[in-house]
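**Student:** Please work out how this folds:
(chains A and B)
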Amino acid sequence: MTGSHVKQRITDHGSRITPASAASLVFLALFFGLFLFYPLGYMFKAAFWPAGGFTLEFFRLFFSSPFQLECLANSFILGIVITALTTLITLPVAHWFSRYSFPGKTLLSGLLLVPMIMPPFVGAIGVKQVFARFGSLNLLLDKLGLVPIENGIDWLGAGGFWGVVILGVLHVYPIMFLNVTAAMANVDPTLREAAENLGAGGWRLFRTITLPLVMPGYFAGAIIVFIFAFTDLGTPLLIGYNRVVAVQIYDKVVEVGTNPFAFTLVILVLLLTFVLFLVSKWITGEKSYQMMARGHTAGAETPAPPRLRWLIYGGTIGLIIVSLLPHASVVVQSFASHWFMSILPDQMTTQFYGEVFRHPLTLSSIRNSLFFSSLSAFLDLGLGVMIAWLITRRRVPCASLLDAIAMLPLALPGIVLAFGYVAAFNIPMNPKSLPPAWYQWLHDFIDPSANPTFLLIISYSVRRLPYIVRAAVAGLQQTSVTLEEASLNLGASPLRTMRKITLPLVMANLIAGTILTFSFAMLEVSDSLILAMKEAYFPITKGIYQLIGRVDPNAPSVACALGVLGMALLAASLLIASKTLGKRMGQLFRA
Amino acid sequence: MKVSIQGVSKGFGKTVAVDNVTFDIRDGELFFLLGPSGCGKTTVLRLIAGFYAPDGGDVLFDGQRVNDTPPNKRNTGMVFQNYALWPHMTVAENVAYGLDVRGVSRDEKQRRVRDALAIVRMGELADRSPTQLSGGQQQRVALARALVINPGILLLDEPLSNLDAKLRLETREEITRIHCETRQTMLYVTHDQKEALSMADRIGVMNAGRLVQVGTPHEIYRTPNSRFVADFIGEMNFIEGKVERAANGEVAVATAYGTLMSRGEGFQAGQTVTCGIRPEALTPTRSGAAANLVHATVQRATYLGEIEHYTLTLPDGQPLRALETNPETVRRPGEELTLAVRPEDVILLKA
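**Tutor:** This is a model prediction of the structure:
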């Protein structure tokens, strides 16, 4: 009841546009126009109007090429299989964690999030070592006399398909887990009780009440998982499962100016993800149940009965162990001075950690990553606070449009945006003539082939903006506007009110959101692989990728040592984020 | 259906929510549990619905022990405080749910849903989503959803607390009407004494997990058995005294303000008692009788049209509240008044 009154008042008092909010809107329009819509528009133009006239020739070419269709199909199947498996794994765990209390719950739910701290392609190094044709597992089976090494099992299956699937599932299930748990916890317990009271129980209760009410939250998570799986570049590239669209697009980055076919690919991927995103939004939006009054029954969690408790422990700990296997193998590899055709490394050493700090590539990549990620996190913080403020407090006329645009990057695969940047901000230098100074400056500062710093920071920010906007909006919505009105009433200026009242109240959300954007920027694969072209500008992820590709026998171990350092950095920042945000962490991972 | 609560206790962690409570709800009765928030009344209701299992004692439906029956096998119909309508179903689907669970045939289901919605006057809105309904409308759908299954007992958990004052009065009459028409056994939980006094067949008053008194509204108001009940329901002036003599149902109590005559059995001379007098039982008078007169000074008079409220001061400074209906003169602060009270209006509470 009070909620509607408060909402009413906000609308009343914020219906005018102040100079400050007008300036912010203009700034945001420029930012999104330049770094979101211009690259997308550029690619649309290049795909449909490659030589000035409208043509679907390249789409015809695409659809008449069995190879391209196979790649598209493979990516799609990857997306479906990973999403389905993630769902199967997550649903029971989320059910346990939202309905039951048991000792060690906080610890376990924290451990369930750990897989997020490493890009899955890094895990691929370790996984290959263990599951490859002559990997540890087959060697072990051979030694035990179970399966002779000559006909060792092809664990990664179908050219690496199952390898990509497993790494993908183990990496993204936490996002689904957070979403579904939040959705389940959001279901008013009295809605279940009402059904029980009328005679429904067990499966019927779940099917008719819980499931439909959890669906929107599920879809919000599922679409993120699907888009990730559909467009993931690093893992297929490393496993060698190359017949997927992401790898095809990556291969064509070098031909950006010359081959319009690449744009066709990117636009197809973009349209597909966007349509799916809209469908999921539509399903979610159709069923927004926020309006209803909630019951006041506290404690929807009941203690788990002893037998169920063991099932919960078994299932959760099993899942955690399996999902940390890639991480563990990366750690082992980082200490392995010689690991070839043996179950475990023959010799262990810490020399690679020393090398990380001596090697020019690794050292600069750590520095670059920290620099890019912090700058993009702070840029996001500023943008996020600005957008959230305009949406929740100023109620500017185009608030819902602004909100939609800020959320758009969730539907935007990293490869699409990165590819668009390479194409749209290509500022070629003519070696024969001397360009004007401003042109030279533009080339040096913006063109990713000259210096990707600027665009890397921007692309990290754009891609992770939804998270910080979510965090800031949530914080502002939870803070009653009357607290600010009380400050204004006592004579404080709007700026002082913001500084003394509003910001301190939403600080936890902002800190957590900033740490998350920082962490994800550190983890970013597609943008980094595509945009960073010169070694001096490589971030950690591209550094690892580059090292693995080297012929140097020690390179994989150095890569893994670098990966372990990255993991430690991220684990620490995520730990701080979840400590600051607590249970509200789940809200940040929703589409 | 008759419901018996026998020595039921329920605790949450270290707090005891319900402490050895025993009472019966008769078949066809509209029974109220009344008490301040946190007194355990909602816990009793949820014990009957089966959402909690008692730590001790028994819950009986028509003499059958149901302690171990899960909530979905108890056939109770509950109206939740927040209504708990399922937002993903229409009004009609919400109401039909319990019938679906019971495997009622299509035709009968349609008929019963229609009838139930007609009883609560929501027939036209059957195809709406609950999110489109006002609070009062949601309330009535929740009522229909619980009634349609012909529950053994209808459980109402503060059903009017989310409605505004006008709607609350309307819905009160609505529930009373439905009870008269259906003679459905009902348990109604509230902290609003007006609801309880005006609607109940019988009221159980709870305090701090215990059931303090059970009786008709008249009994509860006229003969409260404790200072808590007397104070919680209506207003009451308390005057301490000592029994002078007690005989033939007449009791004389000596107080600091003179002798008060009262009625009651089982009192002995010398016993310390508290006399409770409702403000409306005190009437300004010019009589010079020997007993049941109290002298006080007007401190503040609040004029409410048909009634005048007085806050007075007794000779020793204690406050006293009184009412006068259709007052003959305007009383000014400082004015001395003599107030009379009938012996049957002096309620004796043992210390």
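**Student:** Tell me where the longest helix sits in the chain.
**Tutor:** All of this is about chain A. helix A:66-99 (DSSP state H).
**Student:** you looked at the wrong chain, it should be chain B
**Tutor:** Secondary structure of chain B per DSSP H: the longest helix is helix B:165-182.
**Student:** Could you check that one against chain A for contacts?
**Tutor:** No - residues of helix B:165-182 are not located near chain A by Cβ under 8 Å from any Cβ of the partner chain, the shortest gap being 12.2 Å. Using the backbone N, CA and C atoms, a C-beta is placed for each residue, glycine as well.
**Student:** for residue B:255, phi and psi?
**Tutor:** phi -130, psi 170 (degrees, to the nearest 10).
**Student:** Then residue B:236?
**Tutor:** phi -150, psi 130.
**Student:** what's the burial count for it?
**Tutor:** Using other Cβ atoms under 10 Å in any protein chain shown, residue B:236 has 21 neighbouring residues.
**Student:** Is chain B within reach of the longest helix of chain A?
**Tutor:** No - under the criterion of Cβ under 8 Å from any Cβ, helix A:66-99 makes no contact with chain B; the nearest approach is 14.3 Å.
**Student:** Following element in sequence after the longest helix of chain B, please.
**Tutor:** Next along the chain after helix B:165-182, taking DSSP states H and E as the criterion, comes strand B:186-190.
**Student:** what's in contact with the very next helix or strand once past that following strand?
**Tutor:** The C-terminal neighbour of strand B:186-190 among helices and strands, as given by DSSP H and E, is helix B:193-199. Helix B:193-199 is contacted by residues B:30, B:32, B:34, B:160, B:172, B:175-176, B:179, B:188, B:190, B:203, B:217, B:220-221, B:232-234 when judged by Cβ atoms under 8 Å, 6 or more residues apart in numbering or on different chains.
**Student:** ditto for stretch B:202-213
**Tutor:** Contacts for stretch B:202-213 (Cβ under 8 Å, 6+ apart): B:16-23, B:26, B:29, B:31-36, B:39-41, B:44, B:196-197, B:214-217, B:220, B:224-226, B:228-229, B:232-233.
**Student:** Let's see which of the residues you listed end up in helices.
**Tutor:** Per DSSP H, the contacts of stretch B:202-213 map to helices at B:41, B:44, B:196-197, B:217, B:220, B:228-229, B:232.
**Student:** Kindly indicate which of those residues lies nearest chain A.
**Tutor:** residue B:41 (13.9 Å; Cβ to the nearest Cβ).
**Student:** Next, the contact list for the residue in chain A positioned nearest to chain B, please.
**Tutor:** Closest residue of chain A to chain B, Cβ to the nearest Cβ: residue A:198 (3.5 Å). Residue A:198 makes contact with B:72, B:77, B:97-98, B:101, B:145-146, B:149, according to Cβ under 8 Å, 6+ apart.
**Student:** Show me those that map onto helices.
**Tutor:** Per DSSP H, the contacts of residue A:198 map to helices at B:97-98, B:101, B:145-146.
**Student:** just to revisit the earlier point, how about the residue of chain A closest to chain B, phi and psi?
**Tutor:** Per-residue torsions, residue A:198: phi -90, psi 10 (degrees, to the nearest 10).
**Student:** ditto for the one 10 residues further on
**Tutor:** Backbone torsions of residue A:208, given as degrees, to the nearest 10, read phi -90, psi -20.
**Student:** Please report the distance of it from residue B:88.
**Tutor:** For residue A:208, the distance to residue B:88 equals 9 Å [Cβ to Cβ, to the nearest Å].
**Student:** circling back: CSV for the ones in helices among the contacts of stretch B:202-213, including neighbour count and pLDDT?
**Tutor:** Shown next, in CSV, are the ones in helices among the contacts of stretch B:202-213 (neighbours: other Cβ atoms under 10 Å in any protein chain shown; pLDDT from 0 to 100):
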residue, neighbour count, pLDDT
B:41, 30, 93
B:44, 29, 95
B:196, 24, 94
B:197, 18, 94
B:217, 19, 96
B:220, 28, 94
B:228, 19, 93
B:229, 24, 94
B:232, 21, 92
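**Student:** count of residues packed around the closest residue to chain A within chain B?
**Tutor:** Here chain B gets closest to chain A at one residue, residue B:98, 3.5 Å apart by Cβ to the nearest Cβ. Residues contacting residue B:98 under the criterion other Cβ under 10 Å number 28.
**Student:** give the contact list for it.
**Tutor:** Contacts of residue B:98 (Cβ under 8 Å, 6+ apart): A:198-199, B:77, B:145, B:148-149.
**Student:** again with residue A:96
**Tutor:** A:304, A:308, A:312, A:315-316.
**Student:** Quick one: buried ones out of those?
**Tutor:** A:304, A:312, A:316 (16 or more other Cβ atoms under 10 Å in any protein chain shown).
**Student:** Which secondary structure element is home to the second one?
**Tutor:** Using DSSP H and E, residue A:312 maps to helix A:306-335.
**Student:** Which strands or helices does that helix pack on?
**Tutor:** Here helix A:306-335 touches helix A:66-99, strand A:100-101, helix A:105-111, helix A:120-131, helix A:161-186, helix A:351-358, helix A:555-581, going by 3 or more Cβ pairs under 8 Å, 6 or more residues apart in numbering or on different chains; DSSP states H and E.
**Student:** one more time with 6 Å, if that's ok
**Tutor:** In terms of contacts (3 or more Cβ pairs under 6 Å, 6 or more residues apart in numbering or on different chains; DSSP states H and E), helix A:306-335 is packed against helix A:120-131, helix A:555-581.
**Student:** Show me what the mean pLDDT comes to for the first one.
**Tutor:** What helix A:120-131 shows for mean pLDDT is 77.
**Student:** What of stretch A:203-211?
**Tutor:** 86.
**Student:** just how off-centre is that stretch within its chain?
**Tutor:** 31 Å (Cα atoms, centre = their mean, to the nearest Å).
**Student:** What's the end-to-end length of that stretch?
**Tutor:** Length of stretch A:203-211, first residue to last, Cα to Cα, to the nearest Å: 10 Å.
**Student:** and the stretch 101-250 of chain B, which residues reach chain A?
**Tutor:** Contact residues, the stretch 101-250 of chain B versus chain A (Cβ under 6 Å from any Cβ of the partner chain): B:101, B:131.
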